[in-house]
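In: any chance you can model this:
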Amino acid sequence: MKLYLVQHAEACAKEVDPERSLTAQGRIDIDRMADFLKQADVVVERVLHSGKRRAEQTAERLTKALGSNAGSLHVELEISDLINPNDNPSAVDWQSESCNRDTLIVSHLPFISRLVSHLLVKNENQPLTAYTPGSVVCLELVEDAYWQLNWMIRPELFSRSYSAKRKTL
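Out: Next up, the predicted model:
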């Protein structure tokens, strides 16, 4: 089983948009990330998000891109009330029967970072990742016993590579 743990893309300030929808840059960043994940043949069976507008929009964009990788598999968006910014990462048993499918989770800081730490070293207060909006961490459950870090990618890497490609064209 693989978990793709995503911090929602860049969102508007609450003063600008009380619902905190994605900014134009946030939409660009997450679409680039979605293209990357699609090209990497990432396939998920579940996509969970917190229900907050910025997480929902991020999840929708990723699901749309990854849906075609799933072939005949229908990927549905699900709202979870256990993955909000200040929720306890140990409250969800990611190794339970209901969580045995490759899953993409779109959430918020500090929850998503604390979840990575909880799964990898059993200490949610030990920072292991430097998330920026739109970042993805891929963890894999090995032999149903422990989680390992497969990779992490941040959207600013795409901004640099896209800019470099455009300059050479």
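In: bridged to Q7, which residues?
Out: Residues in a beta bridge with Q7, per DSSP bridges, are S107.
In: how near is it to V136?
Out: Per CB to CB, to the nearest Å, Q7 is found 8 Å from V136. To be clear about C-beta, it is placed using only N, CA and C from the backbone, and glycine gets the same treatment.
In: how about A24?
Out: Taken as CB to CB, the span from A24 to V136 is 20 Å.
In: these two - which one has more neighbours?
Out: V136 (24 against 9; other CB atoms under 10 Å).
In: just give the nearest non-adjacent residue to L128, would you?
Out: If you skip the residues right next to it in sequence, L128 has S117 as its closest partner in space, 5.0 Å away by CB to CB, 6 or more residues apart in numbering.
In: can I assume that neighbour sits in a helix?
Out: Yes - counting by DSSP: H, G, I helix; E, B strand; the rest coil, S117 is part of a helix.
In: right, and it touches N123 too?
Out: Yes - counting by CB atoms under 8 Å, N123 is a contact partner of S117 at 5.9 Å.
In: those two: which has the busier surroundings?
Out: S117 (18 against 11).
In: what's the distance between the more buried one and E124?
Out: Distance from S117 to E124, by CB to CB: 5 Å.
In: between these two, which contacts overlap?
Out: P89 (CB atoms under 8 Å, 6 or more residues apart in numbering).
In: host element of the residue nearest to E156 when sequence neighbours are not counted?
Out: Leaving aside its chain neighbours, E156 sits nearest to T132 (6.6 Å; criterion: CB to CB, 6+ apart). Using DSSP states H and E, T132 sits within no helix or strand.
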